[in-house]
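J.: this one's structure only:
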Ligand SMILES: NC(=O)c1ccc[n+]([C@@H]2O[C@H](COP(=O)([O-])OP(=O)(O)OC[C@H]3O[C@@H](n4cnc5c(N)ncnc54)[C@H](O)[C@@H]3O)[C@@H](O)[C@H]2O)c1
């Protein structure tokens, strides 16, 4: 029997536009999903480039104004995969026109912007999801299972870092097509929303709400040339931000993100220490979960390196045979598959836009604390 068709309208055809398009194409092949995603329209500002993308990925049509895409009656889902300064306007318009909305992270450039987006989707009653894709790495989903089963016992510590090194050169300009992440008006902030936000979303999912935070932050390169205007401007983003946290469950958190860790390209790691057991995960080895269980017989006790490829492991029975691992792009396929199943069941799995707002409350509090030098309470959405 043919599946119901769900027409996707994608805004933005860069890094995430490719990751999402690949996921829409694969989800119904590997997962038993109730809908078949149809690549109906892609939007970008440059006609030649968006049409080239349309050809490569097999979209039925191309638009150069996101407003036209949002208004189209043949679009069911608007997927916002454009830079951060566009999220609120597009997501709110899509909600108002009754579309389901998927939005890249961070949801807004700050919590106030995210709150407006949440209000719009909740008022319209439309399905919504933020692309915090690391929740859907099988090893991270396995960590969630182990924690939910109570295997770690009381949690004492949550430690996470996300390290890169691509902005160290003072000659790197800010702004424009590839460098919008360095321009504060477009990105909202620096590593807080770009990198820490991933760590925070995973932590909220695995370890629950934050109570309060205290942070340090710096902008190492104070001025950069703008790539479009050539004008030398003050840099407004945080280059490196670290913070300590108290979680509501009583555990202590320790987080760091930087684009100045020479040698590291995308080192996202987290470690959770409980009374009975501990977990470590590393994006560079994403198909493994390190697990230590103090209840093991003492002469055999040690860190296990679980190769998360068994059919008992989250998502893995849909892929190859045990022992064969999957990668980064599969996290997006999992997210699409979960979204499609949730849509049919009338219950969309997280992270919802409200979950995205929760993350932005934490990163806002972190940046406030870095400015004030004092502990900041984290509001709950
Ligand atoms: N989930 C993740 O792990 C992850 C990874 C990377 C980026 N992101 C997020 O995804 C979003 C996009 O990042 P990216 O790396 O794909 O950026 P990118 O620069 O590679 O691509 C952005 C795309 O948006 C288009 N665009 C810009 N303004 C537009 C407008 N007004 N209308 C239509 N199209 C427009 C650009 O032409 C480009 O195609 C950001 O919010 C970013 O934070 C998330």
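T.: That came through, no problem. None of these values were measured; they are calculated from a predicted model.
J.: Apart from its chain neighbours, what residue comes closest to the residue in the chain that the ligand sits nearest to?
T.: Using Cβ to the nearest ligand atom, the point where the chain gets nearest to the ligand is residue 14, with a distance of 2.0 Å. Using the backbone N, CA and C atoms, a C-beta is placed for each residue, glycine as well. The shortest distance from residue 14 to any residue other than its chain neighbours is 7.3 Å, reached at residue 81 (Cβ to Cβ, 6 or more residues apart in numbering).
J.: Pull the number of nearby residues for the residue of the chain closest to the ligand.
T.: 16 (other Cβ atoms under 10 Å).
J.: Next up, the contacts around the residue nearest the centre of the chain.
T.: Per Cα atoms, centre = their mean, the C-alpha nearest to the average position across the chain is that of residue 132, at 2.5 Å. Residues in contact with residue 132 (Cβ atoms under 8 Å, 6 or more residues apart in numbering) are 105, 197-198, 201-202, 351, 355-356, 359.
J.: go again using 10 Å as the cut-off
T.: 104-107, 197-198, 200-202, 204-205, 331, 335, 350-351, 355-356, 359 (Cβ atoms under 10 Å, 6 or more residues apart in numbering).
J.: Show me those residues that map onto helices.
T.: Members of the contacts of residue 132 lying in helices (criterion: DSSP state H): 197-198, 200-202, 204-205, 331, 335, 355-356, 359.
J.: so which of these comes closest to residue 261?
T.: residue 198 (15.4 Å; Cβ to Cβ).
J.: Looking at that closest one now. What's its pLDDT?
T.: If you check residue 198, the pLDDT there is 98.
J.: and the residue of the chain closest to the ligand, what is it in contact with?
T.: Going by Cβ under 10 Å, 6+ apart, the list of residues near residue 14 reads 44, 49, 53, 81-83, 177-178, 180.
J.: so which strand or helix has residue 159?
T.: strand 155-163 (DSSP states H and E).
J.: Sheet partners, orientation included, of that strand?
T.: strand 252-258 (parallel), strand 267-274 (antiparallel) (DSSP bridges).
J.: re the thing from before, output the ones in helices among the contacts of residue 132 as CSV; include the columns distance to residue 156.
T.: Shown next, in CSV, are these (distance: Cβ to Cβ, whole Å):
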residue, distance to residue 156
197, 24
198, 23
200, 19
201, 21
202, 18
204, 18
205, 18
331, 28
335, 31
355, 25
356, 28
359, 23
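J.: show me which of those neighbour the ligand.
T.: Among the ones in helices among the contacts of residue 132, no residue is within reach of the ligand (Cβ under 6 Å from any ligand atom).
J.: Filter those down to the buried ones.
T.: If you count burial by 16 or more other Cβ atoms under 10 Å, the buried members of these come out as 197-198, 200-202, 204-205, 331, 335, 355-356, 359.
J.: Excluding chain neighbours, what is closest to residue 265?
T.: Nearest one to residue 265, counting by Cβ to Cβ, 6+ apart, is residue 164 at 6.2 Å.
J.: before we move on, the earlier item: do you know the pLDDT at the residue nearest to the centre of the chain?
T.: pLDDT for residue 132: 98.
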